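[1] sequence unknown, structure follows:
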């Protein structure tokens, strides 16, 4: 049985790229080169977030949360801590009035443990803080599990991109939230956020 470890969620850095590509390779038929992620980190519209846990040699259990949360507050975007295992990542473009999710992936042996949902919550929170109206994305037509998660968070089907995925010409379902700043959506989101925090406390700082 895997021992529960403290996880942290933070902005992606260049030091994370190798592990991000590793997770992407487990998740998708085709992957971006590392140079593409380096460009994305320089893209003023892009926001990439990773979730991680300690990995490797023993660490003082009190230290990771305190030291790294302090560093994040001071410098905003520190390098990855040593012996840190990335569990998943999500990327979003902050367009005018719209936060568009461009990618999300979770390490294969950690799926179905609430990590993808935790990353989605982080993006919705970020969209609300940035004053965005909508959160949008494309998802494979065959990916029923992902679609059910998005529907749980209020996403609705808004159209279809025919033969969108080049690896197998599969269609993409376009999904979008209602206005994430509206009182009704905030009420739904807060209820779901609290439920996830209670169900998966180890995924929250």
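    Looks like it arrived, so ask away. Quick caveat: nothing in here was measured; it's all calculated off a predicted structure. Numbering: from 1, shown residues only.
[2] can you pull the buried residues of stretch 21-34?
    23, 24, 27, 31, 32 (16 or more other Cβ atoms under 10 Å). Just so you know, the C-beta spots here come from the backbone N, C-alpha and C atoms, and that holds for glycine as well.
[3] no, scratch that, I was asking about stretch 176-193
    Across stretch 176-193, burial judged by 16+ other Cβ under 10 Å covers 176, 177, 180, 185, 188, 189, 192, 193.
[4] Now do the end-to-end distance for stretch 147-166.
    This stretch, stretch 147-166, spans 20 Å end to end (Cα to Cα, to the nearest Å).
[5] List the buried residues for it?
    So for stretch 147-166, counting by 16+ other Cβ under 10 Å, buried means 147, 150, 153, 154, 155, 164, 165.
[6] Following element in sequence after the lowest-mean-pLDDT helix or strand in the chain, please.
    The weakest-scoring helix or strand in the chain, judged by mean pLDDT, DSSP states H and E, is helix 63-75 (a mean of 41). Downstream of helix 63-75, the next assigned helix or strand under DSSP states H and E is strand 84-95.
[7] ok now that next one, how far from the chain's centre?
    Taking Cα atoms, centre = their mean, to the nearest Å, the mean C-alpha location of strand 84-95 is offset from the chain mean by 4 Å.
[8] show me the contacts for residue 142.
    Contacts for residue 142 (Cβ atoms under 8 Å, 6 or more residues apart in numbering) come out as residue 170.
[9] If we use 10 Å, what do you get?
    165, 168, 170, 171, 173 (Cβ atoms under 10 Å, 6 or more residues apart in numbering).
[10] Could you provide these in TSV, with additional columns for secondary structure?
    TSV is the format used below for the contacts of residue 142 (DSSP: H, G, I helix; E, B strand; the rest coil):
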residue	secondary structure
165	strand
168	coil
170	strand
171	strand
173	strand
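[11] now those: which count as buried?
    165, 173.
[12] Keep only those of the buried residues of stretch 176-193 that are in helices.
    Taking DSSP state H as the definition of helices, the buried residues of stretch 176-193 contribute 185, 188, 189, 192, 193.
[13] and the second one, what does it touch?
    It refers to residue 188. Taking Cβ under 10 Å, 6+ apart, we find residue 188 in contact with 152, 153, 154, 177, 178, 180, 182.
[14] 6 Å instead, please
    Contacts for residue 188 (Cβ atoms under 6 Å, 6 or more residues apart in numbering) come out as residue 154.
[15] and if you look at the last one?
    Shown here is residue 193, whose contacts under the criterion Cβ under 6 Å, 6+ apart are residue 121.
[16] Can you tell me how far it is from residue 21?
    In this view, residue 193 and residue 21 are 30 Å apart by Cβ to Cβ, to the nearest Å.
[17] Extract the residue ranges of the chain that are flagged as low pLDDT.
    Scanning the chain for pLDDT under 70 picks out the ranges 1-5, 56-82.
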